[in-house]
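S.K.: Predicted model, plus sequence, below.
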Amino acid sequence: MYEVSNRKCFGGPYKVPITQFNRQTWWPPKWIECDCGEHAEHIFYRKKGNPYPTKRWHCDTCHREYQIIEYTTNFILLENDSVKQANKN
Ligand SMILES: [Zn+2]
């Protein structure tokens, strides 16, 4: 199995592990592995009733947030200040 990202990524409600072989189906990941051992979920926002993906993932357990690095499949952990900043946008 080849890693596609600097974090383990999972697709869909059943958290299918994403590899280079199935990433076309599952990318972007619904879940990424969080530093706390749980899974951070892809954040969507709603506009006129429709969900739109954001570039961020949030962990309900520890409230860490991650952001995908533009043009890559890697993620960075957002510091508290940058979370506040991103939430303004
Ligand atoms: Zn967490």
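M.R.: Okay, I see it.
S.K.: For Gln24, which three-state class applies?
M.R.: Recorded secondary structure, Gln24: helix (DSSP: H, G, I helix; E, B strand; the rest coil).
S.K.: where exactly do the strands run in the chain?
M.R.: Along the chain, counting by DSSP state E, strands occupy 9-11, 16-17, 31-33, 39-47, 50-59, 65-68, 75-78.
S.K.: Sheet-wise, list the partners of the shortest one with their directions.
M.R.: Spelled out, that is strand 16-17. strand 9-11 (antiparallel) (DSSP bridges).
S.K.: Within its local environment, how many residues does the nearest residue to Glu38 once chain neighbours are set aside see?
M.R.: Nearest non-adjacent residue to Glu38, counting by Cβ to Cβ, 6 or more residues apart in numbering: Thr61, 4.2 Å away. C-beta here means a position set from N, CA and C on the backbone, and glycine is covered the same way. Other residues near Thr61 come to 11 when the count uses other Cβ atoms under 10 Å.
S.K.: Kindly report the same for Thr19.
M.R.: Thr19: 13 neighbours (other Cβ under 10 Å).
S.K.: From Lys47, how far out is the residue lying closest to Trp26 once chain neighbours are set aside?
M.R.: In space, and not counting its chain neighbours, Trp26 is closest to Gly11: 2.7 Å by Cβ to Cβ, 6+ apart. In this view, Gly11 and Lys47 are 23 Å apart by Cβ to Cβ, to the nearest Å.
S.K.: In terms of packing, which of these two has more residues around it?
M.R.: Comparing Gly11 with Lys47 by other Cβ under 10 Å, the one with more neighbours is Gly11, at 19 against 8.
S.K.: isn't that one right up against Lys30?
M.R.: Yes: the pair Gly11 / Lys30 is scored as a contact, 5.7 Å apart, by Cβ atoms under 8 Å.
S.K.: List the residues that contact the residue nearest to the spatial centre of the chain.
M.R.: The residue lying closest to the centre of the chain (Cα atoms, centre = their mean) is Trp57, at 3.7 Å. Applying Cβ atoms under 8 Å, 6 or more residues apart in numbering to Trp57 gives the contacts Pro29, Trp31, Ile32, Ala40, Glu41, His42, Ile43, Glu65, Tyr66, Gln67, Ile68, Phe75.
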